[in-house]
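# I'd like to go over a predicted model; first the sequence, then the structure.
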Amino acid sequence: MQANITGEGTVSSRIDPALIPQRTLYTGARMPAIGLGTFGSDHVTADQIAEAVKAAARFGYRHFDCASVYGNEAEIGGALSEVIASGVKREELWVTSKVWNDKHAFEDVTASCEKSLADLRLSYLNLYLVHWPFPNFHPPGCDVTARGKDSKPYIHADYMKTWAAMEELVKRGLVRHIGTSNMTIPKLKLVLEDAKIRPAVNEMELHPHFQQPELFAFVRANGMEPVGYSPLGSPHRPERDHTPEDTSPTEDPVILRIAERHGIHPAVVCIKWAVQRGQTPIPFSANPRNIFSNLLGVTGDPLTDKEMREIGALDRNCRLIKGQVFLWKEGQEWEDLWDLNGEITPA
Ligand SMILES: NC(=O)c1ccc[n+]([C@@H]2O[C@H](COP(=O)([O-])OP(=O)(O)OC[C@H]3O[C@@H](n4cnc5c(N)ncnc54)[C@H](OP(=O)(O)O)[C@@H]3O)[C@@H](O)[C@H]2O)c1
């Protein structure tokens, strides 16, 4: 590993990708245990994110978490083709994309995946996720009170039709693995019963203030890898995704104290904790210095067992990405999306 950070914004550093911890999926495939998120939270442009992808690849990142709804796959595709032209082999990269909620019909899943592949300029994806289990459309950037007129709850038979389209993509060789996102234990139990090709990953919100211990354990016990989104507590998420109850893991006094002890940013403490706990964080950043620090954080100088226990005790069950726009009828609360009493919320 070489690291040479000089002057404001100038970063000249590289970490050997072989030093980055890997997760082994049930197929035997290996996925880097940290990826770069690519959702610009409505304020970072597609071109800036493409630059972030190129910088990340130079630093040693090999895992990129994309989605059609982020509206930047064409620009990221340009970046990835430059990365590959620079000598990084396609086999070394782990690229995820996701089908958006208004594309759950069989033929729409297929077309959406083909479009993501064309935009990303790839012949296959390593992982393709069903972004949310609700097939509900809402316009990008809309207020959390917006409801689609055709909104539906989770209907398992419909989800399995979407899943059959996902399985077909594996059979056609367009995607190597398929997975779920924003799921709950009761929904996953049904999917695991009925899937012909099991989900390899569940992508879920995970940070020190929202550790989801039961779902985390369930995912791992059932042969899936937990990929953790918003691992820093999404400090720059859109204003519409803030509520007065929200807390910030990177401002937690315990995290601040551990950061000071190690001489690192509190964000990097969150990343170290995530990787050591066994999830795969996908922090977003458009700042080369932060992109590099996050990767450096997962190599060497681990948190102590005591520090891991201290962070484990910080869970506040504080979900930041609540998903209000997916509610399907009047009078509901966002908690209804998350099956809190262990059963799928009735229609
Ligand atoms: N499956 C889903 O439904 C879902 C939902 C949400 C997110 N995601 C995925 O998860 C990714 C990450 O989540 P997120 O973007 O919500 O939040 P996040 O990764 O928790 O936070 C990102 C923010 O943290 C800042 N940051 C990053 N590294 C830092 C560092 N070392 N020091 C200080 N600040 C730092 C970044 O600002 P700078 O740019 O200034 O560094 C950025 O604005 C997304 O980009 C997306 O790929 C998936």
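The structure has been received and is ready for your questions.

# residue numbers of the chain in contact with the ligand?
With the criterion set to C-beta under 6 Å from any ligand atom, the chain comes near the ligand through 37-39, 41, 65, 131, 181-182, 203, 229-237, 265, 267-268, 282-287, 290, 293-294, 321. Any C-beta I mention is one placed from the backbone N, CA and C, and that applies to glycine too.

# keep only those of those residues that are in helices.
Among the residues of the chain next to the ligand, the ones falling in helices (DSSP state H) are Ala267, Val268, Asn290, Ser293, Asn294.

# quick one: which two of those are the most distant?
Farthest-apart pair in these is Val268 and Asn290; separation 8.8 Å (C-beta to C-beta).

# which of the two has more neighbours?
Val268 (25 against 18; other C-beta atoms under 10 Å).

# excluding its backbone neighbours, what's nearest the more buried one?
Leaving aside its sequence neighbours, Val268 sits nearest to Gly297 (C-beta to C-beta, 6 or more residues apart in numbering; 4.0 Å).

# thought that neighbour was touching Trp273?
No - Gly297 lies out of contact with Trp273 (C-beta atoms under 8 Å); the separation is 9.7 Å.

# secondary structure element for Asp108?
helix 106-120 (DSSP states H and E).

# can you flag the buried ones in the residues of the chain next to the ligand?
Among the residues of the chain next to the ligand, those buried by neighbour count (16 or more other C-beta atoms under 10 Å) are 37-39, 41, 65, 131, 181-182, 203, 229-234, 237, 265, 267-268, 282-286, 290, 293-294.

# check contacts around the residue of the stretch 1-150 of the chain found nearest the ligand.
Nearest residue of the stretch 1-150 of the chain to the ligand, counting by C-beta to the nearest ligand atom: Gly37, 2.4 Å away. Listed by C-beta atoms under 8 Å, 6 or more residues apart in numbering, the contact set of Gly37 reads Asp65, Tyr229, Ile282, Pro283, Phe284, Ser285.

# got the buried residues for stretch 300-310?
Leu303, Glu307, Met308, Glu310.

# can I get that stretch as PDB, trimmed to CA atoms?
Only the C-alpha atoms of stretch 300-310 are listed here, as PDB (Å, rounded to 0.1, in the frame of the first residue of the first chain):
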ATOM      1  CA  GLY A 300      -4.900  -2.600   9.000                       C
ATOM      2  CA  ASP A 301      -5.300  -0.900  12.500                       C
ATOM      3  CA  PRO A 302      -8.500  -2.700  13.400                       C
ATOM      4  CA  LEU A 303     -10.900  -1.500  16.200                       C
ATOM      5  CA  THR A 304     -10.300  -3.400  19.400                       C
ATOM      6  CA  ASP A 305     -12.800  -5.900  20.800                       C
ATOM      7  CA  LYS A 306     -13.700  -3.400  23.400                       C
ATOM      8  CA  GLU A 307     -14.300  -0.700  20.800                       C
ATOM      9  CA  MET A 308     -16.400  -3.100  18.800                       C
ATOM     10  CA  ARG A 309     -18.500  -3.800  21.900                       C
ATOM     11  CA  GLU A 310     -18.800  -0.100  22.700                       C
END
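
# residue numbering should commence at 40 henceforth.
Noted, 40 is the first residue going forward, which turns the last one into stretch 339-349.
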